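Undergrad: No letters, just coordinates:
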């Protein structure tokens, strides 16, 4: 039962990351509120945010593939490794003096949820 729940949660994370990345690629302004203050809207910012969206789509797809085709142990280790991305995103927000609410409430909270799911997968 734990394996089913953990796998379903991992798949939801993968789908959410793909959806977020797709939204970011199609509408880069979506990411502008995620914590880096003082960045002027325009082509450079849109291009940078589109790259972030592409990274998220790729990450989400990797999580989905390993969840669907790998063991729960493999999926757990991959999920745990993937937590570094939201951690670094949060650190970037803090370093750029962005809103702490975005760093902790979005990025670090995402990393914490991913870490819990990774542990569940490893225990399953």
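TA: Sure thing, it's come through. Keep in mind it's a predicted model, so treat the numbers as computed, not measured.

Undergrad: can we go C-alpha only for contacts and neighbour counts from here?
TA: Will do.

Undergrad: And what about residue 40, helix, strand or coil?
TA: coil (DSSP: H, G, I helix; E, B strand; the rest coil).

Undergrad: Around it, how many other residues sit close by?
TA: 10 (other C-alpha atoms under 10 Å).

Undergrad: Give me the pLDDT value at it.
TA: Residue 40 carries a pLDDT value of 70.

Undergrad: swap in residue 50?
TA: 84.

Undergrad: Going forward, count from 695.
TA: With 695 as the first residue, the last one maps to residue 744.

Undergrad: Next secondary structure after the helix ranked longest in the chain?
TA: Counting by DSSP state H, the longest helix found in the chain is helix 737-763. Under the assignment DSSP states H and E, the closest C-terminal helix or strand after helix 737-763 is helix 766-776.

Undergrad: which secondary structure elements does that next one contact?
TA: helix 696-720, helix 737-763, helix 803-817 (3 or more C-alpha pairs under 8 Å, 6 or more residues apart in numbering; DSSP states H and E).
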